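Trainee: Sequence plus the predicted model coming up.
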Amino acid sequence: MEKVATALTIAGTDPSGGAGIQADLKTFQEVQSYGMSVITSVVAQNTTGVQAIHHVPLEMIEQQLDAVISDIPILAFKTGMIANIDMMKVIAEKIPQIRAPYVMDPVMVATSGDALIEAKARDFLRERLLPFTSLVTPNIPEAEFLTGEKIDSTDDMKRATVVLVERFGAGAALVKGGHMEGEATDFLYDGSSLHSFSSERIDTKNTHGTGCTYSAAITAYLSQGLNLYEAVKAGKHFVTAAIADSFTLGSGHGPTNHWAIRKEKVKQ
Ligand SMILES: Nc1ncnc2c1ncn2[C@@H]1O[C@H](COP(=O)(O)OP(=O)(O)O)[C@@H](O)[C@H]1O
Ligand SMILES: Cc1ncc(COP(=O)(O)O)c(N)n1
């Protein structure tokens, strides 16, 4: 029987379909990894912002994790929104049972500006979960918070990747340049080499869920056995295509197109 690549996301939801669990599962599907999900918080949100958040009870998060871990092999996994310290503790206890690459999207604030995790949980995320990661994928504000250092230039971005690995114990760090000006350039430090991944900046406000989609694509490619560099390269290609072909849906920041790379395949 053919071996199936499997990927798990542990994150919050987005009923409008552009971010969170929904973005992750759509992305896993496009990359052709079998997608699984553990829901941490049910979020009422759309392209304009977050209206309400309901946290899933801790025992239920634990039971969802047990249900998946005990039954199906997980070849790579990611975490997104983990709203508070108690949830982080439950997840930190289970992670050692999942022997697979771990991609952390250190979600803190939605594109709309709404907070998605409690302020005091940010330190816990860095101290207790970051050391388990194979890769952490902060945007500029998240990298500033995690390192405690201001980022104003590409040199600052490069430095942040090194600090996240050398000082805080991330397996590797990808600092994303979506919040900078000019080309959309991301820097990856894997503990020995620094790499950059660039694309032209696309003139659009449809960036709801870009971080979720990017980290999910990287997770899916890792689940298929690509090495870290190849997985990030393929993930960057996936998210750039998804932004370039994004949808002007809703009245805020529209979602990306998770099936954009399918169109490229048809064109070839
Ligand atoms: N307007 C844009 N054009 C092209 N790429 C972009 C654009 N905005 C963001 N990106 C890319 O999308 C990915 C997600 O980055 P970013 O927006 O920084 O993350 P987040 O969604 O976590 O804030 C990165 O690869 C970034 O370089
Ligand atoms: C449940 C959830 N998780 C994460 C994000 C961040 O979205 P973005 O990728 O736009 O930063 C979000 N809006 N909702």
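Mentor: Everything's here; your move. Ligands and ions are numbered 1, 2, ... in the order given.

Trainee: where's whichever residue of the stretch 151-268 of the chain sits closest to ligand 2 relative to Leu226, distance?
Mentor: Ligand 2 sits closest to Gly211 of the stretch 151-268 of the chain, with a gap of 3.3 Å, by CB to the nearest ligand atom. For glycine as for every other residue, the C-beta is placed from the backbone atoms N, C-alpha and C. According to CB to CB, to the nearest Å, Gly211 and Leu226 sit 20 Å apart.

Trainee: So between these two, which is more surrounded?
Mentor: Comparing Gly211 with Leu226 by neighbour count (other CB atoms under 10 Å), the higher total belongs to Gly211, at 24 against 18.

Trainee: Enumerate every residue touching Phe187.
Mentor: Counting by CB atoms under 8 Å, 6 or more residues apart in numbering, Phe187 makes contact with Thr154, Met157, Lys158, Thr161, Leu174, Val175, Gly177, Leu194, His195, Ser196, Phe197.

Trainee: residues touching the fifth one, list them.
Mentor: Okay, so that is Leu174. Listed by CB under 8 Å, 6+ apart, the contact partners of Leu174 are Leu135, Val136, Thr137, Pro138, Thr161, Asp186, Phe187, Leu188, Ile218, Val232.

Trainee: In terms of helices and strands, where is the last one?
Mentor: Assigned by DSSP states H and E, Val232 belongs to helix 228-244.

Trainee: List the buried residues in that helix.
Mentor: For helix 228-244, burial by neighbour count (16 or more other CB atoms under 10 Å) applies to 228, 231-243.

Trainee: in the stretch 101-250 of the chain, which spans are helices?
Mentor: For the stretch 101-250 of the chain, the helices defined by DSSP state H, counting those that start in this stretch cover 121-124, 140-147, 154-166, 210-223, 228-244.
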